[in-house]
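J.: A structural model of the following input is requested.
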Amino acid sequence: QVQLVESGGGLVQAGNSLRLSCEASGYSLSNRGMGWFRQTPGKEREFVAAISWGGGRTYYADSVNGRLTISRDNAKNTVYLQMNSLKPEDTAVYYCARHRVPYSSSRQKDDYDNWGQGTQVTVSS
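T.: Numbers count the residues shown, from 1 in each chain. Alright, predicted model coming up:
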């Protein structure tokens with residue numbers, strides 16, 4: 001069974017940190033760019049961060065640049081999102097996803113498939 005499973009979400013106060021994990025089962029992530037996206041009720045799912053298949057290139061939304069860091073461990077088939085200096089506006093369900101095309105990465109959610117079930121992040125003020 002091919003799936004992505006996110007974990008690490010929770011409730012934190014503003015200014016604190018969380019680390020999200022996204023573990024794949026049923027296939028290897030090692031030749032795929034990976035992305036993190038987030039969604040709040042009534043809004044479109046938006047891009048947060050992406051990482052190239054080898055980890056050498058990373059991309060961030062302007063709203064999170066400098067506070068969130070995406071990384072990966074291909075040996076563990078896992079992608080991470082380190083979230084520092086969290087703000088109430090970071091509150092959302094966070095999803096990871098695999099890029100459709102091997103050895104490619106992008107900011108466009110339509111370029112991704114195999115979405116995880118999401119993990120809730122809530123930041124209180």
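J.: Under the pLDDT cut-off, which ranges of the chain? List them.
T.: Filtered on pLDDT under 70, the chain yields no residues whatsoever.
J.: how many neighbours does G118 have?
T.: Look at G118: counted by other C-beta atoms under 10 Å, it has 17 neighbours. (Glycine included, C-beta is placed from N, CA and C.)
J.: Go ahead and report the secondary structure state at the closest residue to it other than its chain neighbours.
T.: Nearest residue to G118, sequence neighbours excluded (C-beta to C-beta, 6 or more residues apart in numbering): V93, at 4.2 Å. Classification of V93 by DSSP: H, G, I helix; E, B strand; the rest coil places it in strand.
J.: Quick check, V93 in contact with T122.
T.: No: V93 is beyond contact range of T122, at 9.8 Å (criterion: C-beta atoms under 8 Å).
J.: Mind checking which of these two has more residues around it?
T.: V93 (18 against 15).
J.: beta partners of the more buried one?
T.: Q39, Q120 (DSSP bridges).
J.: And S124, by the same measure?
T.: Q13.
J.: Can you report how many residues lie near S63?
T.: S63 has 14 nearby residues by other C-beta under 10 Å.
J.: so who does G26 touch?
T.: 1-3 (C-beta atoms under 8 Å, 6 or more residues apart in numbering).
J.: I'd like the distance between it and L20.
T.: Using C-beta to C-beta, to the nearest Å, G26 is found at 20 Å from L20.
J.: Thank you, goodbye.
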